[in-house]
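A.B. asks: no sequence on this one, just coordinates:
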């Protein structure tokens, strides 16, 4: 009887709690915020670009940078990009924001634990904080 309960628990843990990889965890999280995301960005497969929509352009700069990270993650899942890493130079070029501002926004996002610095100049989204970040974003938009 005890053995059956233990086996049942192990099976439940494997089914409900175990993540097969970072990619799967990212997919599940992005799926949970997709309705919020579509208010702020679009992806261009033809031009391999992440396009921020007008509501995103009204946000503080660090939110625009964060939304770019989100767009990069979605674009990676459908094969537009090879990975969801982002560089400061990429952000400068794509968002047309000066490097000094980009560095400040990246620092803010790192301090809020919304992104992770992989190595000098290379960052990735912290997928475990995406839902929380969108909750904060929605509160800020409502102000």
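C.D. replies: Sure thing, it's come through. Since we're looking at a predicted model, the values are computed, not measured. Residues are numbered from 1 along each chain as shown.

A.B. asks: all contacts plus neighbour counts: C-alpha atoms, from now on.
C.D. replies: Fine.

A.B. asks: identify the residues contacting the worst-scoring helix or strand of the chain on mean pLDDT?
C.D. replies: The helix or strand of the chain with the lowest confidence, counting by mean pLDDT, DSSP states H and E, is helix 2-16 at a mean of 80. Outside helix 2-16, not one residue touches it by Cα atoms under 8 Å, 6 or more residues apart in numbering.

A.B. asks: show the average pLDDT along the helix or strand following it.
C.D. replies: Remark: after helix 2-16, the chain's next helix or strand is helix 22-32, criterion DSSP states H and E. Here helix 22-32 scores 85 as its mean pLDDT.

A.B. asks: pull out the buried residues from helix 22-32.
C.D. replies: By 16 or more other Cα atoms under 10 Å, the buried positions in helix 22-32 come out as 26, 30.

A.B. asks: what helices and strands are in contact with that helix?
C.D. replies: helix 61-77, helix 130-142 (3 or more Cα pairs under 8 Å, 6 or more residues apart in numbering; DSSP states H and E).

A.B. asks: which of those helices is buried the deepest?
C.D. replies: helix 61-77 (a mean of 21; mean count of other Cα atoms under 10 Å).

A.B. asks: now do that helix against helix 130-142, angle only.
C.D. replies: 140 degrees (axes from the mean of the first three to the mean of the last three Cα atoms, to 10 degrees).

A.B. asks: partner strands of whatever helix or strand comes next after helix 61-77, parallel or antiparallel?
C.D. replies: With elements assigned by DSSP H and E, the helix or strand that comes after helix 61-77 is strand 86-87. Neighbouring strands of strand 86-87 in its sheet, by DSSP bridges, are strand 122-125 (antiparallel).

A.B. asks: name the residues of the partner strand that are buried.
C.D. replies: Applying 16+ other Cα under 10 Å to strand 122-125 flags 123, 124, 125 as buried.

A.B. asks: from residue 14, how far off is the closest residue in space to the first one that isn't next to it in sequence?
C.D. replies: So that's residue 123. The shortest distance from residue 123 to any non-neighbouring residue, by Cα to Cα, 6 or more residues apart in numbering, is to residue 117 (4.4 Å). Going from residue 117 to residue 14 by Cα to Cα, to the nearest Å gives 30 Å.

A.B. asks: perfect, that will be all.
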